[in-house]
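For reference, the sequence and a predicted model appear below.
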Amino acid sequence: MKIVLLAGDGIGPEIVAQAERVLLFLKQQGLKIELEPALLGGCAVDATDEPFPEATRKLAAEADAILLGAVGSPRYDTLPREKRPEQGLLAIRKALNLFANLRPVMLYPELADVSTLKPEVVAGLDILIVRELTGGIYFGQPRGIEYQEGQKVGFNTMHYSEAEIQRIAHIAFQAARKRNGKLCSIDKMNVLECTQLWRDVITEIAQSYPDVELSHMLVDNAAMQLVRDPKQFDVMVTGNMFGDILSDEASMLTGSIGMLPSASLNDQNKGLYEPIHGSAPDIAGKNIANPLAAILSVAMMLRYSFNEEEAALKIERAVQATLRQGYRTEDIYEIGLKKVGTIEMGDRVLANLQV
Ligand SMILES: NC(=O)C1=CN([C@@H]2O[C@H](COP(=O)(O)OP(=O)(O)OC[C@H]3O[C@@H](n4cnc5c(N)ncnc54)[C@H](O)[C@@H]3O)[C@@H](O)[C@H]2O)C=CC1
Ligand SMILES: CC(C)CC(=O)C(=O)O
Ligand SMILES: [Mg+2]
């Protein structure tokens, strides 16, 4: 199995290095994998003048799975948009048709005190956010900034076809069926036509899943409910932008954005796996970033692309053991526990994998 490693920018190389150690350990244990580094994002712009170079496109298309750190840096914010790192990320998602982004929001009990909510409100929290990833306002045309009647006007288009909504709906209903049988679809149908269609299509698809209890919620209310009573949710399904925003919000219920992994899948379960966070330029190069989201993304890769459930669980247990032993990067640190850097956190997870 070929895995392409896209370290990316900022803290990307630091956290991917720790995830790579986990992959190399599994390889030593007999997992048949080959790792191949490639460029995406700002590092690719520096080397090739393109955020998603042809060589990466080819490797990604041939790979069985991809692990990404994160892309982006303020250094590139003045480049023309098509040259910016984030466009490279959007382009690889589109090129591989990775329309289904799974973002599990799971609280490790060891982190109950660092959650932004009271321990009793988050105890046992386990939500799955299903985010549509290749459509919506991040991709819709037309888009741009242009002069109209003597002033600049900026515009983007939120666009979803029935087919795009149907396929993400099936992913979400099937996930709900395997979990607690509850699906909440998030939209803004009171204002946006595009999300009226979203609600209509989700409601139609629900007829094929009578065993799943479907509810709908407007996104502003959903943002509030997530911090009021998050355990009311089991699976949440939503479009690209709302899912992006709600998952960052939800991450803090688990203690830190540095804890949330994700899987971006196409219809052949080919996947790109990445933490939900960005390149965190404010902490890059300091050996303080939390590598656990990247390591947990490897667990998702094993589960979804390689059908290696046992190995996935082994990684998740090693992460939990590390937390139980009191090791914490700065973002999840509490007084009295053992503060470690990115590399030492990797050391500790590896040590727990070895037992
Ligand atoms: N998937 C990707 O590659 C993504 C890339 N970005 C890009 O990343 C750059 C920075 O974006 P921001 O808005 O600052 O979001 P960000 O997610 O990079 O950082 C937000 C805050 O969370 C902290 N943080 C993030 N990951 C952490 C970790 N593993 N451990 C400890 N703390 C962590 C950061 O230090 C920062 O204070 C931008 O260029 C943005 O476009 C943003 C989100 C996703
Ligand atoms: C940088 C964006 C393209 C994506 C993002 O924020 C995300 O996927 O979470
Ligand atoms: Mg995001």
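Sure, I can see it. Ligands and ions are numbered 1, 2, ... in the order given.

Alongside ligand 2, which residues does the chain contribute?
86, 89-90, 244, 276 (Cβ under 6 Å from any ligand atom). Glycine gets a C-beta too; all of them are placed from N, C-alpha and C.

and those as a markdown table, adding distance to Lys231, secondary structure and pLDDT?
Formatted as a markdown table, the residues of the chain next to ligand 2 follow (distance: Cβ to Cβ, whole Å; DSSP: H, G, I helix; E, B strand; the rest coil; pLDDT from 0 to 100):
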| residue | distance to Lys231 | secondary structure | pLDDT |
| --- | --- | --- | --- |
| Glu86 | 33 | helix | 98 |
| Leu89 | 32 | helix | 98 |
| Leu90 | 33 | helix | 98 |
| Asp244 | 22 | helix | 98 |
| Ile276 | 20 | coil | 98 |
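
Show me which pair in these is furthest apart.
Leu90 and Ile276 (15.4 Å; Cβ to Cβ).

Please type out the PyMOL selection for whichever of the residues of the chain next to ligand 2 turn out to be buried.
Filtering the residues of the chain next to ligand 2 down to the buried ones (16 or more other Cβ atoms under 10 Å) takes a single PyMOL command:
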select buried, resi 86+89+90+244+276
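
among the residues of the chain next to ligand 2, which are within reach of ligand 1?
Among the residues of the chain next to ligand 2, proximity to ligand 1 is found for 86, 89 (Cβ under 6 Å from any ligand atom).

Can you get me a residue count around Arg324?
By other Cβ atoms under 10 Å, 13 other residues sit near Arg324.

dump the residue contacts of it.
Each residue near Arg324 by Cβ atoms under 8 Å, 6 or more residues apart in numbering is listed here: Glu110.

Spatially nearest residue to the residue of the chain found nearest ligand 2 (excluding sequence neighbours)?
Going by Cβ to the nearest ligand atom, ligand 2 is nearest to Glu86 of the chain, at 4.3 Å. Leaving aside its chain neighbours, Glu86 sits nearest to Gly72 (5.5 Å; criterion: Cβ to Cβ, 6 or more residues apart in numbering).

so who does that neighbour touch?
So Gly72 contacts 8-10, 41-42, 84-86, 278-279, 281 (Cβ under 8 Å, 6+ apart).

Kindly reformat those as CSV containing secondary structure.
CSV is the format used below for the contacts of Gly72 (DSSP: H, G, I helix; E, B strand; the rest coil):
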residue, secondary structure
Gly8, strand
Asp9, coil
Gly10, coil
Gly41, coil
Gly42, helix
Arg84, coil
Pro85, helix
Glu86, helix
Gly278, coil
Ser279, coil
Pro281, coil
